[in-house]
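Peer 1: got a sequence here, can you model it:
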Amino acid sequence: MAGRRVLVLGVVLVVAGAAVIAAAGTLSPGPGPQPGQARPWGPIVASGPAPGSPGFVAGTPSSPRIVRIVASGALRFYPDAATVQRGETVTFEVTTVGMASHEFMVGPAADVAGDVEGTPEIADIGMMQTKSLTYTFGGTGPFAFACHAPGHYEAGMRGTIAIIG
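Peer 2: Sure, this is the predicted structure:
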């Protein structure tokens, strides 16, 4: 009986994970897995034109561009890279898929890497939750994002942000 409950719970978690990904819509492209590596779910598709592409509209403080990020149980962000226009305002919508709780910190790369107090972050993004953080990219960078939950950053849970324009 207990084995059956575990199986049912496993199926429910897989279906719920797929629902969260579907509800999150499409994600900005990133380099993702290296050749021969599989993603934990299907392909990540651009949600609109990328900065520098025809039709791109930069986010503003009154109308930020949405960038969706998935924080996985494999201690990775998908995508693990983003491109923004200098001065652009972006709202990161971060969804946790898996059992681990994560955080999302964004800002100057040195501050993010050093987990510097006062660097913008979302704390305690629990299983199957989505939380958001809005950030304006002033200056030339470099910029980054990361999770500093114990052991996550060290395991590679971080990403880069390229600035264009």
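
Peer 1: ok, how many other residues are close to the closest residue to I161 other than its chain neighbours?
Peer 2: With CB to CB, 6 or more residues apart in numbering as the criterion, I161 has its nearest non-adjacent residue at 3.9 Å, and that residue is F143. (Each C-beta comes from the backbone N, C-alpha and C, glycine too.) For F143, the neighbour count with other CB atoms under 10 Å is 22.

Peer 1: likewise for the one 5 residues further on?
Peer 2: Residue crowding around H148 was assessed by other CB under 10 Å; the count is 21.

Peer 1: for it, helix, strand, or coil?
Peer 2: coil (DSSP: H, G, I helix; E, B strand; the rest coil).

Peer 1: that one against S101, yeah?
Peer 2: No. Contact criterion CB atoms under 8 Å: H148 and S101 do not qualify, at 12.0 Å.

Peer 1: could you identify the helix or strand that succeeds the helix or strand harbouring F92?
Peer 2: Using DSSP states H and E, F92 maps to strand 89-97. Sequence-wise, the next helix or strand downstream of strand 89-97 (DSSP H and E) is strand 102-108.

Peer 1: between that following strand and strand 89-97, how big is the angle?
Peer 2: 160 degrees (axes from the mean of the first three to the mean of the last three CA atoms, to 10 degrees).
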